[in-house]
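Participant: fold the following and give me the result.
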Amino acid sequence: MSKNHKDQQWVFGKDIEGEMAAPGVERRILAYCGDMMCVENQFDEGAVGAVHSHPHTQITYVASGRFRFTIGDETREVAKGDTLLKQDGVKHGCLCLEKGILVDFFTPMREDFIT
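Facilitator: A predicted model of the protein is given here:
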């Protein structure tokens with residue numbers, strides 16, 4: 001299955017191919033529609049999610065691993081089970097301290113991820 005599975009009710013992880021989002025970071029676009037999107041990011045230890053911002057509200061769920069996140073001017077360490085809220089326009093980024101998986105939810109969906 002390609003990334004063009006918009007509006008599909010069932011999206012199976014085994015059918016989704018990943019793509020390199022950054023060195024040591026593999027991104028998989030999961031279920032999405034025009035209003036929201038779910039994305040899985042697998043990080044190798046030491047991989048960096050560069051500081052950036054975008055016009056989307058984002059919630060990140062730490063499925064595994066440990067990360068040092070900066071949101072705005074605050075930096076904290078997070079681990080499995082933690083969630084982070086990044087309002088639209090707020091700069092954020094991370095460093096992976098221990099190999100792990102982040103699951104991101106965006107509203108609205110990220111058009112730039114599927115083009």
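Participant: how about the helices of this structure, start to end?
Facilitator: Along the chain, counting by DSSP state H, helices occupy 111-114.
Participant: give me the most central residue, it.
Facilitator: What sits nearest the mean C-alpha location of the chain, by C-alpha atoms, centre = their mean, is Asp104, with 3.8 Å.
Participant: check the gap between that one and Val48 for me.
Facilitator: Asp104 is 16 Å from Val48, where distance means C-beta to C-beta, to the nearest Å. Placement of C-beta: from N, CA and C, glycine included.
Participant: ok, now Ile59?
Facilitator: From Ile59 to Val48 the distance is 20 Å (C-beta to C-beta).
Participant: what residues of the helix or strand of the chain with the lowest mean pLDDT count as buried?
Facilitator: Ranked by mean pLDDT, DSSP states H and E, the helix or strand of the chain with the weakest confidence is helix 111-114, at a mean of 93. By 16 or more other C-beta atoms under 10 Å, the buried positions in helix 111-114 come out as Phe113.
Participant: and it, what does it pack onto?
Facilitator: If contacts are counted by 3 or more C-beta pairs under 8 Å, 6 or more residues apart in numbering; DSSP states H and E, helix 111-114 sits against strand 25-32.
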